[in-house]
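[1] Below are the sequence and a predicted model for it; my questions follow.
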Amino acid sequence: MGSEAEPLVSALARLKTEEGFRSTLYTDTTGHATLGYGFNVSAGISQRVAAALLQAQLEELHETLAGYPWYSQCDPVRQSVLLDVAFNIGVTGLLHFSHMILAIGHRDWPQAKAQLLDSKAARELPSRYAALAQLLLTGERT
């Protein structure tokens, strides 16, 4: 008798081949907006799948940022702030915060906070970035 995971493993391998992978949005043969391995965007997404996707995205961001000394030398709370910013505006967007990154490298948390708040992202999402800036300053969960 096979394990419960066996049909999932078989279906996963087959579907990857059948559907193929596309990293950008496309219209499938039935006219639905589709992404990835045949994911029908028009049908919506469950909270469980959305949470798994968010987890995977954060893991990828963490792996990318771990290569930067200013990130890897931060405590987990400050790393979580940098992950949040990278998720919101992308790694490239985060890397444009050169003055903030320099302040982080020097462990100058008041300056890092000020630089984070002096940004387009902070002006567009003031409550979110005010909370992130406070976490960056203190390194303490609130």
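    All right, it came through fine.
[2] Tell me the first helix or strand C-terminal of the strand ranked longest in the chain.
    For the chain, the longest strand by residue count, based on DSSP state E, is strand 22-27. Proceeding C-terminally, strand 22-27 gives way to strand 33-36 as the next helix or strand, assigned by DSSP states H and E.
[3] re the thing from before, what strands line up against the longest strand of the chain, and which way round?
    Partner strands for strand 22-27, per DSSP bridges, with pairing direction: strand 33-36 (antiparallel).
[4] Report the separation between Leu125 and Ser3.
    Here Leu125 is placed at a distance of 45 Å from Ser3 (C-beta to C-beta, to the nearest Å). Any C-beta I mention is one placed from the backbone N, CA and C, and that applies to glycine too.
[5] now swap in Tyr129 and tell me
    47 Å.
[6] who's more crowded, these two?
    When Tyr129 and Ser3 are compared on other C-beta atoms under 10 Å, the one with more neighbours turns out to be Tyr129, at 22 against 8.
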